[in-house]
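after the sequence you'll find the predicted model.
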Amino acid sequence: MADSAAGTGQDPGGGAPAVPGQRTVFVRRIGLFQATAINMSQMCGIGPFVTIPLMVASFGGPHAVIGFVAGAVLALADGLVWAELGAAMPGAGGSYVYLRQAFQYRTGKLMPFLFVWTAMLFIPLAMATGVIGFVQYLGYLWPGMTQTQGDVTGLAMVALVVALLWRRVESIARITAVLWGVMIVSVSLVIVAAFTHFSPERAFTYPAGAFDVTSHQFWLGFAAGLTIGIYDYGGYSTVAYMGAEIKDPGRTMPRAIVHSILGIMVIYLLLQIGTLGVIDWREMLDPSSTASSSVASAVMEKTWGKAAADVVTVLILVTAFASVFTGLLGGSRIPYDAAREKVFFRRFGALHPRHRFPGLSLATMGVVSAVGFLIGRHTDLATIIQLLMAVMVILQALSQVIAATVLRRRQPDLPRPYRMWLYPLPSLVALAGWLVIYGFADRSSPGRHPIEWSLAWVGAGCVAFVLWAAYERQWPFGPREIHEEYLPRQAAGTGGEAEGEEGSVTTAPA
């Protein structure tokens, strides 16, 4: 059945036609509700449970709520960029597809290669923060845990996740569903407990100068809070990576992105405000306090008692495990897909001979997650978040905002079922937000140099690309191949320097 569909170019699930030349034809079965749920399940992981004290420390008071609101604004603006690109190019791969389409005319496969190269770092770093959160909350149940015991526990967790993923994907679906349910229960219990013992005076009493926008310290705190906020909202683009499986993507994808961001914003604000109404914000700044490392457990202990706190802490540990499990599951597929399309090292395109999953990609990301965890444990969580965001901003966020504009000029005939509202305002807001995060990265984490490390990683990626391109005879050592598979056949080739017979693949001299 799939072979027949591939031969005709039709989507077997109905809806949009299959992407020409795509090796696997997915079935479009994911509707609006499922797409929104998938997004929210990726967004609401361990993040808010470990970053509330970091957000309070950034602002120096309960006005840290500003950070979550600012993060939501940036997520909405950037989400509209994702919505336009995803609705126009509803294939599997997300950013990888958009960067390949937008930048192929000048730099061949450089940008999609660098994106995959960068994903090999920023996805495992995100997973490392989940492992760090797991060990932090485990400390509530294991008060005498030493640094070495915590390190060993975290490394064992990474090994267990990789072992559980070392199997056919069909057997993983039930595990994922159970983990998602536990995550929803844990968040809901903390919110309900907080508002049953809520103190408005504690939550809304601000220190002097809290809203002094002329203060340099305010804007440093804002930049740090924005970074933490957008880190917590990460995941609103998940459906874009599953574009080939979304029903009516031109309508479903934009709505799922916007709905999930608004829904998570409500959850995060309730969680943040509720927590501040139970735990004095100064207590969160005390390194010896439970609230500084396990704030949700502290909320439960003060409201419903130690037994309830223990139960919710266990649920949060499962939530942390779930965030790492699902993140490595999806992330390990990115290098595999790129290698199969000859945009990354070929060895990453091999599947496990028996269980048919990308073993090298999964193992590599597991190792990087373990290293990132150890670095974060011996520095601090904020440093890992800053490095994670700096690497992601430079080669995904900023590049993708530019890609939306480039494609409007290079491929004006590209069908766009959804065009971002008030263009180019959302792009400009997203661009400004990402520049603030990147520009203040070093100042927000003095002595850690996330900008320098991110540039070093990109530089290493450029060297790797040159070596790969020379071996594969790709641009600049061979002709550029222009693939305009999402354009209508009669319009394809207008953005490239030469037009091929098919109308969707053109080549140009190196």
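Looks like it arrived, so ask away. Residues are numbered from 1 along each chain as shown.

quick check: next helix or strand after the helix or strand harbouring residue 121?
If you go by DSSP states H and E, residue 121 is part of helix 110-141. Per DSSP H and E, the first helix or strand lying C-terminal to helix 110-141 is helix 147-165.

tilt between that following helix and helix 110-141?
120 degrees (axes from the mean of the first three to the mean of the last three C-alpha atoms, to 10 degrees).

buried stuff in helix 147-165?
For helix 147-165, burial by neighbour count (16 or more other C-beta atoms under 10 Å) applies to 150-151, 153-155, 157-158, 161-162, 165. From N, CA and C alone the C-beta is placed, and that goes for glycine too.

and the average pLDDT for the helix or strand following that helix is what?
Where DSSP H and E defines the elements, the next helix or strand beyond helix 147-165 is helix 173-196. Mean per-residue pLDDT for helix 173-196: 80.

what segments of the protein are strands?
Taking DSSP state E, the strands of the chain run over residues 480-483, 505-508.

hey, least reliable of these by pLDDT?
Note on the strands of the chain: strand 505-508 shows the lowest mean pLDDT, a mean of 56.

wait, isn't residue 340 in contact with residue 347?
No. Counting by C-beta atoms under 8 Å, residue 340 stays clear of residue 347, with 11.6 Å between them.

these two: which is more packed in?
Taking neighbours as other C-beta atoms under 10 Å, residue 340 and residue 347 compare with residue 340 leading, 17 against 10.

next one: the nearest residue to the more buried one once chain neighbours are set aside from residue 365, what distance?
Distances taken as C-beta to C-beta, 6 or more residues apart in numbering place residue 349 nearest to residue 340, at 4.5 Å, with adjacent residues excluded. Using C-beta to C-beta, to the nearest Å, one obtains 15 Å as the distance from residue 349 to residue 365.

ok, residue 235 - contacts?
Contacts for residue 235 (C-beta atoms under 8 Å, 6 or more residues apart in numbering) come out as 39-45, 260.

which members of those residues are the farthest-apart pair?
45 and 260 (13.3 Å; C-beta to C-beta).

could I get the buried residues of helix 147-165 as TSV with distance to residue 65?
Listed next are those as TSV, based on distance: C-beta to C-beta, whole Å:
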residue	distance to residue 65
150	30
151	34
153	33
154	30
155	35
157	31
158	33
161	33
162	37
165	36
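
now tabulate these in CSV and tack on pLDDT and distance to residue 128.
Below are those laid out as CSV (pLDDT from 0 to 100; distance: C-beta to C-beta, whole Å):
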residue, pLDDT, distance to residue 128
150, 95, 13
151, 95, 12
153, 96, 14
154, 95, 9
155, 96, 11
157, 95, 11
158, 95, 8
161, 91, 12
162, 91, 13
165, 83, 16
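
which of those residues sits closest to residue 395?
residue 158 (24.4 Å).

that closest one touches residue 130, doesn't it?
No. Using C-beta under 8 Å, residue 158 is not in contact with residue 130, being 9.9 Å away.

out of everything not next to it in sequence, what's closest to residue 141?
Closest residue to residue 141 apart from its sequence neighbours, by C-beta to C-beta, 6+ apart: residue 313 at 5.8 Å.

my bad, residue 49
Take residue 49 and drop its neighbours on the chain: the residue closest to it by C-beta to C-beta, 6+ apart is residue 296, 4.9 Å away.

distance check, the one you found against residue 374.
Using C-beta to C-beta, we find residue 296 at a distance of 25 Å from residue 374.

ok so, going back, what is in contact with residue 158 and residue 130 at once?
residue 324.

surely residue 465 and residue 111 touch.
No. Applying C-beta under 8 Å, one finds residue 465 not in contact with residue 111, separated by 9.7 Å.

give the buried residues for the helix holding residue 121.
By neighbour count on 16+ other C-beta under 10 Å, the buried set for helix 110-141 is 110-140.

next: stretch 205-222.
210, 218, 221-222.

so which of these is the closest to residue 435?
residue 222 (13.5 Å).

now the closest one: how far from residue 57?
In terms of C-beta to C-beta, residue 222 sits 13 Å off from residue 57.

which residues are in contact with stretch 367-382?
Contacts of stretch 367-382 (C-beta under 8 Å, 6+ apart): 50-51, 54, 120-121, 124-125, 127-129, 131-133, 135-136, 147, 150-151, 154-155, 158-159, 224, 228, 324, 328, 383-384, 444-445, 448.

and if you look at stretch 247-264?
Stretch 247-264 has contacts (C-beta under 8 Å, 6+ apart) with 13-16, 28-32, 35-36, 38-40, 43-44, 72, 75-76, 79-80, 82-84, 86-87, 90, 233, 235-237, 239-240, 243, 246, 417-418.

got the contact list for the nearest residue to residue 84 once chain neighbours are set aside?
Of all residues not flanking residue 84 in the chain, residue 420 sits nearest, at 4.7 Å (C-beta to C-beta, 6+ apart). Taking C-beta under 8 Å, 6+ apart as the criterion, residue 420 is in contact with 80-81, 83-84, 404, 426-427.

and for residue 407?
So residue 407 contacts 85, 88, 98, 101-102, 414 (C-beta under 8 Å, 6+ apart).

hmm, 6 Å instead?
Shown in contact with residue 407 (C-beta atoms under 6 Å, 6 or more residues apart in numbering): residue 102.

got the confidence number for it?
At residue 407, pLDDT is 96.

return the distance of it relative to residue 116.
For residue 407, the distance to residue 116 (C-beta to C-beta) stands at 20 Å.

would you list the phi and psi of residue 304?
For residue 304, the backbone dihedrals (degrees, to the nearest 10) come out as phi -110, psi 0.

number of nearby residues for it?
17.

over to the one 4 residues further on?
Residue 308 has 16 neighbouring residues, counting by other C-beta under 10 Å.

that one is in contact with residue 300, isn't it?
Yes. The criterion here is C-beta atoms under 6 Å, and residue 308 meets it with residue 300 at 5.0 Å.

now the helix holding residue 121: average pLDDT?
Averaged across helix 110-141, pLDDT comes to 91.

what packs against it?
Applying 3 or more C-beta pairs under 6 Å, 6 or more residues apart in numbering; DSSP states H and E, one finds that helix 110-141 contacts helix 95-107, helix 147-165, helix 306-331, helix 333-340, helix 359-378, helix 381-392, helix 450-472.
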